[in-house]
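>>> All I have is the shape, not the residue letters:
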């Protein structure tokens, strides 16, 4: 029984990390159709932001909370700069954004290497996040609970922003019909930049959360990028709901299979299951059906 | 969220575009898979191009200055440099100053092989000091053998290997893992859980541990591997807890240790109840993990910064003076430092920089290292070493709780142990 519970929490926490990494992509890739290969490096920027903030603010607890805000702004600023500098010219060419942003990612990695050095940096976890809590007989580390809460919070805020704010309405309008939105007086330029700002900011927040788990190196983003893309694709493009379900489903699946087998076998099994799933439902978990979809 | 025709035209373009990242990911996977294999294409055994006509002699330093292993290897490269600087300040080797050529193996075996070939063939170095992971050593080995040059490899490893072109100055199994197992057995531990990174060293080491366990009535409760650089240990820690083993034998390498020990401590597992014995965590890594997350856990090595010898005091002081007062020294750093002196002593005994002459002169060459006297065994190119078990304390340093008292003869193939017959 505690195995089941323990793995449930492990799966949920793995899922929440996947979700944080994928949430920003769900906005920029799912909604706007831009394949941003530099998303992983925005995550990395969030990690290094936490490291720098901790250098300035010695109290680990305060610095983590401050980092969440600054990490969002740093990731967002990088995203907005990328959109204004490069992506705005290639909204009609998804393959070109792939190559361009891949290049930007490599440049950012080298920047990080030059500024912080190649060896990994470590961020101290605050005192109030050390140790674990016993839930139904299973010990769950507090850092994992924090990340889970953070992920849920991020999804909620994003959903509210998209559903209920003027900015959210403009984003949805531009995504659905750029021409009509512009005719109705929505500035699509401003909306594009804001969407990128929010999406990339979420990557920064994901980076802050990741420092609680392991160490920060210039290549940390790469280890999460493919998983994040998978989550968005499985969830269905443009579907926040799908992204959430896909992230937790993958997390849980992985944790239960890994418990019964090994880490390597679990990865292979999950990949095979994803391939089979995409054969059956290439459009992902959720897609809105319309006339145009054959 | 979107339901217009425009959005769907957009989306079908996207579906096609999706093929590209998938293909990229696959290509990446394939490349990694190929890189993991030994590079079979080795150059012809051309005559050595080492230039001995000038008053300098070149040697190479080849470590991961970037990537997941950089946390461990940068300090080893520093230590090599310290020894070279000291030797140069004292007049050099055979009247020549040593010129160090620095290369980055980038935590990638294929890069190690390429850089080794470059150092030997185009930089014309007399010897190379380098490597950490067994994969990097295995990748470099054919290069040193076919180009007939010398590698000084400073890290403990899984044994079952020897080469006339490699001097193994870290511990082999019977100088580290076997003493650690003997120590655990003597402490009354009757079951073990094995956790390691998924590559040569942990797999082979665990095969040896299982053979030892089978012969000594120790139960193996489980065995898990994660990819090098992996940071997700929640499931493995759950498995370890539920297995209720007497101790965990940890052969993880590099950054993964940070994630593993954070998870281990946060999940409420304690050194007092289920100690973790690590063979690849030294003082430098303890700082990265955070001493509070690892205090009380055990390590098996041949050297700690706290070893009380005059030679070690001089080594620690010199290192701190060169690289910073807060920088700790560790076992592989000490072995790398001793390597350079062993090379110097061998070259001086041979009165030649030529590979054949150095090989012929190596047997019995010794050096009063910080860990104690070390001597090259000419029959297998390993060295004698003192085994030590240490406990990590809250100050981030490791303190000896047991040592073998005298240097142990190297036995890379474990020929002197009955339980190792089938390996």
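Happy to help now that I have it. Note that this is a predicted model, so its numbers are computed, not measured.
>>> from what I can see residue B:279 touches residue B:179, true?
No. If you go by CB atoms under 8 Å, residue B:279 and residue B:179 don't touch, sitting 10.6 Å apart. From N, CA and C alone the C-beta is placed, and that goes for glycine too.
>>> Comparing the two, which shows the higher neighbour count?
Neighbour totals were compared for residue B:279 and residue B:179, and residue B:279 leads with 27 against 22 (other CB atoms under 10 Å in any protein chain shown).
>>> Can you tell me how far the more buried one is from residue A:112?
Distance, residue B:279 to residue A:112, using CB to CB, to the nearest Å: 31 Å.
>>> which stretches of chain B form helices?
Ranges of helices in chain B, per DSSP state H, are B:5-36, B:70-89, B:109-121, B:134-146, B:173-186, B:200-216, B:234-243, B:256-266, B:283-289, B:291-294, B:310-323, B:331-350, B:355-361.
>>> now those helices as CSV including mean pLDDT?
Formatted as CSV, the helices of chain B follow (pLDDT from 0 to 100):
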stretch, mean pLDDT
helix B:5-36, 51
helix B:70-89, 93
helix B:109-121, 96
helix B:134-146, 95
helix B:173-186, 94
helix B:200-216, 93
helix B:234-243, 91
helix B:256-266, 90
helix B:283-289, 81
helix B:291-294, 87
helix B:310-323, 96
helix B:331-350, 96
helix B:355-361, 96
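>>> Those helices into a markdown table, with extra columns for distance to chain A?
Putting the helices of chain B into a markdown table (distance: least, CB to the nearest CB, whole Å) gives the following:
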| stretch | distance to chain A |
| --- | --- |
| helix B:5-36 | 4 |
| helix B:70-89 | 4 |
| helix B:109-121 | 13 |
| helix B:134-146 | 16 |
| helix B:173-186 | 22 |
| helix B:200-216 | 12 |
| helix B:234-243 | 4 |
| helix B:256-266 | 3 |
| helix B:283-289 | 5 |
| helix B:291-294 | 8 |
| helix B:310-323 | 13 |
| helix B:331-350 | 14 |
| helix B:355-361 | 32 |
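>>> any chance of the ones you listed in CSV, plus distance to residue B:48?
As requested, these are exported to CSV (distance: least, CB to CB, whole Å):
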stretch, distance to residue B:48
helix B:5-36, 28
helix B:70-89, 21
helix B:109-121, 8
helix B:134-146, 12
helix B:173-186, 32
helix B:200-216, 29
helix B:234-243, 47
helix B:256-266, 39
helix B:283-289, 35
helix B:291-294, 45
helix B:310-323, 32
helix B:331-350, 14
helix B:355-361, 7
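>>> out of those, nearest to residue A:247?
Set against residue A:247 and scored by CB to CB, the helices of chain B come closest in helix B:234-243, at 15.5 Å.
>>> Would you mark the buried spots in the closest one?
Within helix B:234-243, the residues that qualify as buried are B:234-241, B:243, counting by 16 or more other CB atoms under 10 Å in any protein chain shown.
>>> How about the contacts made by residue 256?
All of this refers to chain A. Contacts here follow CB atoms under 8 Å, 6 or more residues apart in numbering or on different chains; on that basis residue A:256 touches A:7, A:11.
>>> To clarify, I was referring to chain B.
Residue B:256 touches A:214, B:68, B:197, B:226, B:228-231, B:233, counting by CB under 8 Å, 6+ apart.
>>> Out of those, which is nearest to residue B:185?
For these, the nearest to residue B:185 is residue B:197 (24.8 Å; CB to CB).
>>> and the gap between that closest one and residue A:183?
58 Å.
>>> Just give the nearest non-adjacent residue to the residue in the stretch 151-294 of chain A positioned nearest to chain B, would you?
The stretch 151-294 of chain A approaches chain B most closely through residue A:214 (3.3 Å), counting by CB to the nearest CB. Closest residue to residue A:214 apart from its sequence neighbours, by CB to CB, 6 or more residues apart in numbering or on different chains: residue B:231 at 3.3 Å.
>>> Between residue B:279 and residue B:179, which contacts overlap?
Shared contacts of residue B:279 and residue B:179 (CB under 8 Å, 6+ apart): residue B:300.
>>> Which stretches in chain A count as strands?
Assigned by DSSP state E, chain A shows strands spanning A:132-135, A:138-141.
>>> Reformat these as TSV; add mean pLDDT, distance to chain B and mean neighbour count.
Formatted as TSV, those follow (pLDDT from 0 to 100; distance: least, CB to the nearest CB, whole Å; neighbours: other CB atoms under 10 Å in any protein chain shown):
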stretch	mean pLDDT	distance to chain B	mean neighbour count
strand A:132-135	85	5	14
strand A:138-141	84	3	24
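>>> Point out where chain A drops to low pLDDT.
A:1, A:287-294 (pLDDT under 70).
>>> elements contacting the lengthiest helix in it?
Secondary structure assigned by DSSP H gives helix A:60-85 as the longest helix of chain A. On a contact count with 3 or more CB pairs under 8 Å, 6 or more residues apart in numbering or on different chains; DSSP states H and E, helix A:60-85 meets helix A:39-56, helix A:94-116, helix A:188-210.
>>> ok, 10 Å please
Packing contacts for helix A:60-85, counted by 3 or more CB pairs under 10 Å, 6 or more residues apart in numbering or on different chains; DSSP states H and E, involve helix A:2-25, helix A:39-56, helix A:94-116, helix A:142-164, helix A:188-210.
>>> what sits against the residue of the stretch 151-294 of chain A closest to chain B?
A:47, A:120, A:122-123, A:220, A:223, B:229-233, B:255-260, B:262-263 (CB atoms under 10 Å, 6 or more residues apart in numbering or on different chains).
>>> That one and residue A:143: what is the separation?
Counting by CB to CB, the gap from residue A:214 to residue A:143 is 11 Å.
>>> hey, what's in contact with both of those two?
Both residue A:214 and residue A:143 are in contact with B:262-263, where contact means CB under 10 Å, 6+ apart.
>>> ok, and for stretch B:311-329, which residues are buried?
So, applying 16+ other CB under 10 Å, buried residues of stretch B:311-329: B:311-312, B:315-316, B:318-319, B:323, B:327-329.
>>> outside of it, which residues touch it?
B:74-75, B:78-79, B:81-83, B:85-86, B:282-287, B:303-307, B:309, B:333-334, B:337-338, B:367-373, B:396-398.
>>> what's the spacing between it and its chain's center?
20 Å (CA atoms, centre = their mean, to the nearest Å).
>>> sorry, back to before: ok, of the contacts of residue A:214, which come out buried?
A:47, A:120, A:122-123, A:220, A:223, B:229-233, B:255-260, B:262-263.
>>> Break chain B into its domains for me.
B:56-172+B:309-386, B:175-307+B:389-420 (the TED database).
>>> can you put the ones you listed in JSON lines and add distance to residue A:71?
JSON lines is the format used below for those (distance: least, CB to CB, whole Å):
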{"stretch": "domain B:56-172+B:309-386", "distance to residue A:71": "23"}
{"stretch": "domain B:175-307+B:389-420", "distance to residue A:71": "18"}
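>>> List the buried residues of stretch B:87-105.
Under 16+ other CB under 10 Å, the buried positions of stretch B:87-105 are B:87-88, B:92-93, B:96, B:98, B:100-101, B:103-105.
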